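Q: Provided below are the primary sequence and the corresponding predicted coordinates.
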Amino acid sequence: MPRRRPPLSTLAAAGTVLALAAGLSACGGSSTKDGSGSPVAAAKGSVVIGAVSNGAAKQTTLHVPEVAAIRSQLPKSVTADGKLTIGLGMLPAGSAPLGYVGDDQKTVTGSEPDLGRLVASVLGLRPDVKNSTWENLFVGIDSGRTEAGFSNITDTEERKKKYEFACYREDNLGFEVRKDSSWNFDGTYKSLAGRTVAVGAGTNQEKLLLEWRDKLAAAGKKLTVKYYQESNSTYLALNSKKIDAYFGPNPSLSYHITRTASTPQATRSAGTFSGAGASLQGLICATAKKGSGLAKPLAEAINYLIEHGQYATWLRAWNLRNEAVKTAEVNPPGLPVTNS
């Protein structure tokens, strides 16, 4: 992964702020085929999103017809078996809301496999979700075991040496505050003056926060950085007003905000910041083997979903509206090699 943060360990730690179903740590099945009668199965032209999400999303069935003009751009090797094989790198523990085993203890749910299912429907293909470890996600793409990775994969120039991208979501870090807090991050470090912020050690967000602390100190202002051993302690500190905000991966924060919305511990987003830093908006992308010819039709399928509203519904279902893109791009500028 690029410098922004460890791809799974950090997200998994932050994403499990509240206990998921016991099955989340038992993502044993390597494949979820949506024609098998699982809760994600639906009639052709329909896609179920947010299935068995353990409260992370509202289950919704969307109408998503096949678009022949986009399907026709796919290589015959992809259409021959009638399915799109989707790679997910969320083993062993899962990372809510991105990808994890649902509360039925078997269905692979989450924002990432759900978008893969929506794209597959536009292409007139049956989605076949194969879950693996992060490392084996890329082994699967390299070997042809999977055709497209939908797994919170950041666009980097280093990865472009082997892969092609269709980008569908901003790669953001976020600030989470108590719901009654009046503070908001204005996009600049100056708004952090006088605040106490918790962050995970060894992460890209820590690197950014410490840089901002030093800049404020040089201007005679103070930013206090706090560390906690695990997420429950972080949120206890937030609820008791020992800290003003928690700075972490935006999807994980969005998950926690959703789960606590109707509780006395309710929180909210106070703003986001690009995971690639101030000079570049990081992007999350569908990832295929370089030269496969898949990036363009994948991007066109995502743009169809954007134009016809299913994309907005998908983001809203998983509380990720603050990571929306206006259009899906093929191989846009990625995180530079020096920062990857």
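A: Ah, there it is.
Q: And the helices in this structure?
A: Along the chain, counting by DSSP state H, helices occupy 9-15, 68-71, 76-79, 111-122, 134-143, 204-218, 231-239, 250-260, 295-308, 310-317.
Q: Which strands or helices does the last one pack on?
A: Okay, so that is helix 310-317. Counting contacts by 3 or more C-beta pairs under 8 Å, 6 or more residues apart in numbering; DSSP states H and E, helix 310-317 packs against strand 46-49, strand 60-63, helix 111-122, helix 295-308. The way it works is simple: take the backbone N, C-alpha and C, and place the C-beta from them, glycine included.
Q: one step back: so which of the helices of the chain gets nearest residue 198?
A: Ranking the helices of the chain by distance to residue 198, with C-beta to C-beta as the measure, places helix 231-239 first at 5.0 Å.
Q: between the closest one and helix 250-260, how big is the angle?
A: Computed by axes from the mean of the first three to the mean of the last three C-alpha atoms, to 10 degrees, the angle separating helix 231-239 from helix 250-260 equals 70 degrees.
Q: Which strands or helices does helix 231-239 pack on?
A: For helix 231-239, the packing partners by 3+ C-beta pairs under 8 Å, 6+ apart are strand 172-178, strand 196-199, strand 245-249.
Q: taking the ones you listed together, which one is wrapped up most tightly?
A: strand 245-249 (a mean of 27; mean count of other C-beta atoms under 10 Å).
Q: How about residues contacting that strand?
A: Here strand 245-249 makes contact (C-beta atoms under 8 Å, 6 or more residues apart in numbering) with 5, 10-11, 14, 173-177, 181, 183, 185, 195-200, 203, 205, 208-209, 234-235, 238, 253, 270, 275.
Q: where does the stretch 201-340 of the chain dip in pLDDT?
A: Low-confidence segments of the stretch 201-340 of the chain (pLDDT under 70): 339-340.
Q: Need the distance between the two termini of stretch 280-296.
A: 22 Å (C-alpha to C-alpha, to the nearest Å).
Q: how about that stretch: buried residues?
A: 280-290, 292, 294-296 (16 or more other C-beta atoms under 10 Å).
Q: between these, which is closest to residue 263?
A: For the buried residues of stretch 280-296, the closest approach to residue 263 (C-beta to C-beta) belongs to residue 284, at 28.9 Å.
Q: pLDDT score for the closest residue in space to the closest one that isn't next to it in sequence?
A: Leaving out its chain neighbours, the residue that sits closest to residue 284 by C-beta to C-beta, 6 or more residues apart in numbering is residue 169, at 4.2 Å. pLDDT, residue 169: 98.
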